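sequence and predicted structure are below.
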Amino acid sequence: MSFFQADNLSINFGGIKAVDGVSFTVPKGQVFTIIGPNGAGKTTIFNLVSRIYEPTQGRLVFEGNDITRVPPHQIAALGIARTFQNIELFEHATLLENLLLARHAHKKSGFFAELFFLPSVRRMEVEHREAVERVIDFLDLQQYRDSLIVNLPYGVRKVTELARALCTDPKLLLLDEPSSGLNVEETEDMAFWIQDIRSLLGITVLMVEHDMKLVSAVSDQVLALNYGRPLAMGSPREVQTHPEVVRAYLGG
Ligand SMILES: Nc1ncnc2c1ncn2[C@@H]1O[C@H](COP(=O)(O)OP(=O)(O)O)[C@@H](O)[C@H]1O
Ligand SMILES: [Mg+2]
C-alpha cells in the first residue's frame, strides 16, 4: 500500500488542461517535490489534493483510502495540512492565537461539551495548548509567540505559516513554495526546518518549489511538470539534468 498516490490526475479550466494526466506516488517519510515553470500546474495539483478543486479525471489515494470525493473540510482531519504560496495568517492576532485557532479548527470536541465546558473540554484545551507550545519550541519561535503577525518580519511569518500547518498534527504536509520571498540565509534555514520535520517528526512532505538548491537539499524524489504534463521524475539530479526539463526552463 502506498502512502499517497495521485493517479492520472487531470483538470480543465475552460478548455485549458491545467493538469493533464499526472501520476505519482509519495512513499511514507519522504520529501517529494514538484517543480516546473510558472503556470505549469503545480499549485493546481495542491488545490486538487486539498480538494478545493474537483478533478476532471483521476484518483487520489491516501493511506489506502480513495479520497477523490472527500469534502475539503475533512482533509485536515485525515491528516493532510498545507501552507500557502501567499501566507494566510490572521494579521491582527498574535502568533500564539493563530496557532491555537488552527489547532481548534481541526480538533473539535462537540457543541454541547464546549457549551457546558465539560472536563473533557478542559482536558482537550490543555492538550491543545501543550501541542501548540511544542510546535513553537520545535520551530524556535518562542521570542515571537505574543507578537502580532502584522509586526513580524516576512521570514518569521513564513515559519509561522509552517507552524500553523504543524499544529494540526499532519501525516502529510503540503508546502507551496516555502522559499518564496526569502533571502539566501532564510532559505537555508527553511531547508533545515523541512529536514527536521521529515527526520525528527516523521512527517511526509509534498512540496512545490522553484529554488533548485533547496530542492536538491531536501528532496528524495522530484517530478517536473510543463503545461500540466509530466516531463521527468527521479532524483533531484536526474530531473535537473533531464534534456526535456533543461529545454522547458531555457525555452520557456
Ligand atoms: N481557478 C482557475 N481558473 C482558471 N484557470 C486556472 C485556475 N487555477 C489555475 N488556473 C490556470 O491553470 C494553470 C496552472 O496554474 P498554477 O497551478 O497556478 O501554476 P503554477 O505551476 O505556477 O503553480 C495556469 O494557466 C492558470 O492560469
Ligand atoms: Mg503556484
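Received the coordinates, thanks. Here the structure is a predicted model, which means the values were calculated and not measured. Ligands and ions are numbered 1, 2, ... in the order given.

give me phi/psi at whichever residue of the stretch 1-150 of the chain sits closest to ligand 2?
In the stretch 1-150 of the chain, no residue comes nearer to ligand 2 than residue 43, which is 3.2 Å away by CB to the ion. Where C-beta positions appear, they are placed from N, C-alpha and C, glycine not excepted. Dihedral pair for residue 43: phi -60, psi -30, per degrees, to the nearest 10.

dump the residue contacts of it.
Residues near residue 43 by CB atoms under 8 Å, 6 or more residues apart in numbering: 85, 176, 208.

quick check on those: which are buried?
Among the contacts of residue 43, those classed as buried by 16 or more other CB atoms under 10 Å are 176, 208.

the contacts of residue 43: which ones sit near ligand 1?
For ligand 1, no contacts are drawn from the contacts of residue 43 by CB under 6 Å from any ligand atom.

coming back round to it: just the pLDDT at the residue of the stretch 1-150 of the chain closest to ligand 2, thanks.
On pLDDT, residue 43 comes in at 95.

against ligand 1, how distant is it?
Distance, residue 43 to ligand 1, using CB to the nearest ligand atom, to the nearest Å: 3 Å.

again with residue 154
Distance, residue 154 to ligand 1, using CB to the nearest ligand atom: 20 Å.

next: residue 192.
Remark: distance between residue 192 and ligand 1 (CB to the nearest ligand atom) = 25 Å.

any idea which helix or strand comes after the host helix or strand of that residue?
Taking DSSP states H and E as the criterion, residue 192 maps to helix 184-199. The helix or strand immediately downstream of helix 184-199 is strand 204-208, counting by DSSP H and E.
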